[in-house]
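A.B. asks: I need the structure of the sequence given here:
(chains A and B)
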Protein chains: 2
Amino acid sequence: MSGKFYMPAEFSEQQAAILIFPERPGSWGYGARPAAKVFARIINIIAQHEDVYVIVSEKSRAAAEDLLESSSRIKLLDIPTDDAWARDTAPTFVRNTDTGKTAGISWKFNAWGGEYDGLYAHWELDDALAGTFCRKAGFDCISAGDFVLEGGSIHTDGEGTLITTESCLLSPGRNPDMSKQQIEETLCKFLGCEKVIWLPRGIYNDETNEHVDNVCAFIRPAEAVLAWTDDPSDPQYELSSACLEALENSTDAKGRHIKVHKLPIPDVPVCVTEHDLAGYTFEDGEDIREVGERLAASYVNFFFANDIVLLPQFGGENGASDKRALDIMSALLPEREIIPIDAAEIIRGGGNIHCITQQIPAEL
Amino acid sequence: MSGKFYMPAEFSEQQAAILIFPERPGSWGYGARPAAKVFARIINIIAQHEDVYVIVSEKSRAAAEDLLESSSRIKLLDIPTDDAWARDTAPTFVRNTDTGKTAGISWKFNAWGGEYDGLYAHWELDDALAGTFCRKAGFDCISAGDFVLEGGSIHTDGEGTLITTESCLLSPGRNPDMSKQQIEETLCKFLGCEKVIWLPRGIYNDETNEHVDNVCAFIRPAEAVLAWTDDPSDPQYELSSACLEALENSTDAKGRHIKVHKLPIPDVPVCVTEHDLAGYTFEDGEDIREVGERLAASYVNFFFANDIVLLPQFGGENGASDKRALDIMSALLPEREIIPIDAAEIIRGGGNIHCITQQIPAEL
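C.D. replies: Just a heads-up that it's a prediction; the model follows:
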């Protein structure tokens, strides 16, 4: 199988998306009801453009059915999970170069760092999800064995180039026994890439060890958006600057320079409030939140579905930063509808729209 | 990938075998040293005929190197495991019908029954082994997701027929949410079979819920050996009779009747002795042994490697039953060398030669 599959870009045609209905009390405050409404809104929108697999526990099925529109495109699957980050726990889908058929990859998942700095103490269900999803949904599944990876830590252009961050993939909580070169070879083998571009860092205070999908994304081959701030006193400034430098000094798999568009983060940081904190119930061994903690809010954490982009909005500053991001993305992608989504409830869970979605590329 | 792979018969040409060096104190008495010698003898013999991957922990590496012959065909791999049953925890290998390349399947492993009647409380390492082996040894790996199966519970003829036992595959400890029909479809999908022959039972007191590999094995297409006793007072009598009836009433995937050769079990049962019991150290949650307990001794638990068969011997009755089995197998397989192996130390661990080996078919 290896060498015969490649990961299509997210912006290319999709057959379906995958989301997991939110439930975990330490991630989703107030019984997960506010988050569930946002998840449902996203699912209902995507289902206007492609199929959506919604993984939902038996316990939450009634709540999901209540919030989701009745559509033949929405397919509920009962698979137990530890949390709702489909980007990181659902399969990463690749396409066979010969047959055009798609297959899912099951990476080893260890809750973003395992014993070293993982975010929860038990991740067995999340680790098992990719294989189980494939079996139940009828997709072939490729196992990556003990190679630890989350889908949010990679982006591809579909033409042989992969971007990732050193802060995440070289973290001691992932694959500490492998060299950078071995990690690169493993990525290329499973994802059919020829070139890996390493960004040094991601978004400040991103608890995933700074996944690339929060800081940088391809919008078409040789063209990317990068989370940005012009404020040198903002801790994000150095991180984004280092990423920009890495991108400017790289070429992609086809030897092209990558055109980088800056996509500013909110001018006023988004932080955990007392009201937010009161809604959570944390388990032993779970990473907890604190009032005033800065959340890793970035507009780069959008999701491409067919013909659309779902763009996070955070609601501060009377919408000024939100509108700026919407204007930039609309100008960059005139061929798509850019749909603003109030993502405040998702960012409080620790991620954003891209983190809760996973695409399945079309078969050719 | 599905539908394009099939599982070659064990008796067809192999590129390699896989064994795990024994260590677990509750399976292998007296510091696993007596068992290790037998494992090493088996590895050294197989390495005269094909490559052997030996999975060995860092802790046991020196002991393994001491017992194993120096051979370029013996490849040590450092992968942690819970025990040494490669048949059940290493990948099941299949071959691509188009390319002739081989790939491993990673089934879900739950220590022969999970919470229901599994034999040990922790099986995470064993569950992870198949994927990790493939990654480290450079084989493609197909994940079967949450479908629970052990390699010892299936045999194929390489021509579309699979045999298994109802007592194992329909046990509540395996895939209780699946119907017999769904299990059959899943086996056929992953293993490229068209016909499943269900034997009702296996070997008396076999703690695997009666794996087929202890009771019946193909020796060539449309020809099998069946563990047998002519003594109606032996608890094995009914079990073997039921299997014979099932085989006689079946045809294989090509519509052929299967010629069944009876291979008698030892006339005097092999049982746990006080000396055996004194050597074990059991963990919490582990299935323990008792003095006088009858072990599931069967000569069917042999292993085919290229040009040879490794046949278990138990050493009782001045070798009468052992010799009978050797004579039968020699007559049935004149084209192969039948090598008798004193398997007393392996049967005390709960299995036999077939249980500790797994073949990787040749690539075409």
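A.B. asks: where's A:Phe218, which helix or strand?
C.D. replies: Take DSSP states H and E as the rule and A:Phe218 turns out to sit in strand A:216-220.
A.B. asks: look up how far chain B lies from A:Arg174.
C.D. replies: As for A:Arg174, its distance to chain B is 14 Å (criterion: Cβ to the nearest Cβ, to the nearest Å). Any C-beta I mention is one placed from the backbone N, CA and C, and that applies to glycine too.
A.B. asks: now the closest residue in space to that residue that isn't next to it in sequence: how far from chain B?
C.D. replies: Leaving aside its sequence neighbours, A:Arg174 sits nearest to A:Val148 (Cβ to Cβ, 6 or more residues apart in numbering or on different chains; 4.6 Å). As for A:Val148, its distance to chain B is 11 Å (criterion: Cβ to the nearest Cβ).
A.B. asks: and for A:Val148, the neighbour number?
C.D. replies: A count of nearby residues for A:Val148, using other Cβ atoms under 10 Å in any protein chain shown, gives 23.
A.B. asks: got it, and A:Gly316?
C.D. replies: With neighbours defined by other Cβ under 10 Å, the count for A:Gly316 comes to 17.
A.B. asks: then A:Glu23?
C.D. replies: 22.
A.B. asks: again with A:His257
C.D. replies: Here the number of neighbours of A:His257 (other Cβ under 10 Å) works out to 12.
A.B. asks: how about the nearest residue to it once chain neighbours are set aside, what does it touch?
C.D. replies: Nearest-residue entry for A:His257: A:Thr251, 5.8 Å, with adjacent residues in sequence omitted and distances by Cβ to Cβ, 6+ apart. Shown in contact with A:Thr251 (Cβ atoms under 8 Å, 6 or more residues apart in numbering or on different chains): A:Lys195, A:His257, A:Ile258.
A.B. asks: A:Ala84 contacts A:Ser27, correct?
C.D. replies: Yes. A:Ala84 is in contact with A:Ser27 according to Cβ atoms under 8 Å; the separation is 7.1 Å.
A.B. asks: joint contacts of those two?
C.D. replies: Common neighbours of A:Ala84 and A:Ser27, using Cβ under 8 Å, 6+ apart, are A:Ala35, A:Gly349.
A.B. asks: up against chain B, what does the stretch 1-150 of chain A have?
C.D. replies: A:1-2, A:103, A:106, A:108, A:124, A:128, A:130-136, A:140-147 (Cβ under 8 Å from any Cβ of the partner chain).
A.B. asks: what's the ChimeraX syntax to select whichever of those residues are buried?
C.D. replies: When burial is assessed using 16 or more other Cβ atoms under 10 Å in any protein chain shown, the buried subset of those is captured in ChimeraX by this command:
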select /A:1,103,106,108,128,130,131,132,133,134,135,140,141,142,143,144,145,146,147
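A.B. asks: show me the residues of the stretch 1-150 of chain A next to chain B that map onto helices.
C.D. replies: Among the residues of the stretch 1-150 of chain A next to chain B, the subset assigned to helices under DSSP state H consists of A:Glu124, A:Ala128, A:Ala130, A:Gly131, A:Thr132, A:Phe133, A:Cys134, A:Arg135, A:Lys136.
A.B. asks: as CSV, those residues with pLDDT would be great.
C.D. replies: Listed next are these as CSV, based on pLDDT from 0 to 100:
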residue, pLDDT
A:Glu124, 94
A:Ala128, 95
A:Ala130, 98
A:Gly131, 96
A:Thr132, 96
A:Phe133, 98
A:Cys134, 97
A:Arg135, 95
A:Lys136, 95
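A.B. asks: residues contacting the nearest residue to A:Asp213 once chain neighbours are set aside?
C.D. replies: Nearest-residue entry for A:Asp213: A:Gly152, 4.4 Å, with adjacent residues in sequence omitted and distances by Cβ to Cβ, 6+ apart. Contacts here follow Cβ under 8 Å, 6+ apart; on that basis A:Gly152 touches A:Trp85, A:Arg87, A:Asp88, A:Thr208, A:His211, A:Val212, A:Asp213, A:Asn214, A:Gly351, A:His354, A:Cys355.
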